[in-house]
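1. Turn this into a structure:
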Amino acid sequence: MSVFRLVERAIMGRKAGNLYINPKKLGNLAKPCMKEMVSFLNCMALNNIKDDKCEKQKQLLSVCMQGQSDHKNKSWGNINYHLQRLTRGRKG
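-> Got it, this is the predicted structure:
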């Protein structure tokens, strides 16, 4: 099944037939800090949400996230917004 699908019913006041992307289908994209985040969340769960006992995991997650922010990726924003904006021009 494709990432793109046509929504045949009205969604919260929108006209039927809008193009919609299911974000769950994009789940196979790279998740660079997932291992560190899961480790930190597991530590928090084991220690009753006391982050002072999870300093090592917290530091590893912070370092990973700071390393990712240095890549300066160009953001597309919300892809559904851009698809709807583009299809508005085609209807006229």
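2. Was I right to think Lys58 contacts Asp51?
-> Yes. Contact criterion Cβ atoms under 8 Å: Lys58 and Asp51 qualify, at 6.1 Å. (C-beta placed from N, C-alpha, C; glycine too.)
3. Give me the more crowded residue out of these two.
-> For Lys58 versus Asp51, neighbours defined as other Cβ atoms under 10 Å are more numerous around Lys58 (17 against 12).
4. Look up phi and psi at that one.
-> Dihedral pair for Lys58: phi -60, psi -40, per degrees, to the nearest 10.
5. how close does it get to Gly67?
-> 15 Å (Cβ to Cβ, to the nearest Å).
6. now Lys56
-> Distance of Lys56 to Gly67, computed by Cβ to Cβ: 17 Å.
7. for the protein, what spans make up the strands?
-> Per DSSP state E, the chain carries strands over the ranges 4-6, 19-21.
8. Go through those and find the least confident stretch.
-> Per-stretch mean pLDDT for the strands of the chain is lowest at strand 4-6 (a mean of 43).
9. Between its first and last residues, how far does stretch 38-58 reach?
-> 11 Å (Cα to Cα, to the nearest Å).
10. So what touches that stretch?
-> Residues from elsewhere that reach stretch 38-58 (Cβ atoms under 8 Å, 6 or more residues apart in numbering): 36, 60-61.
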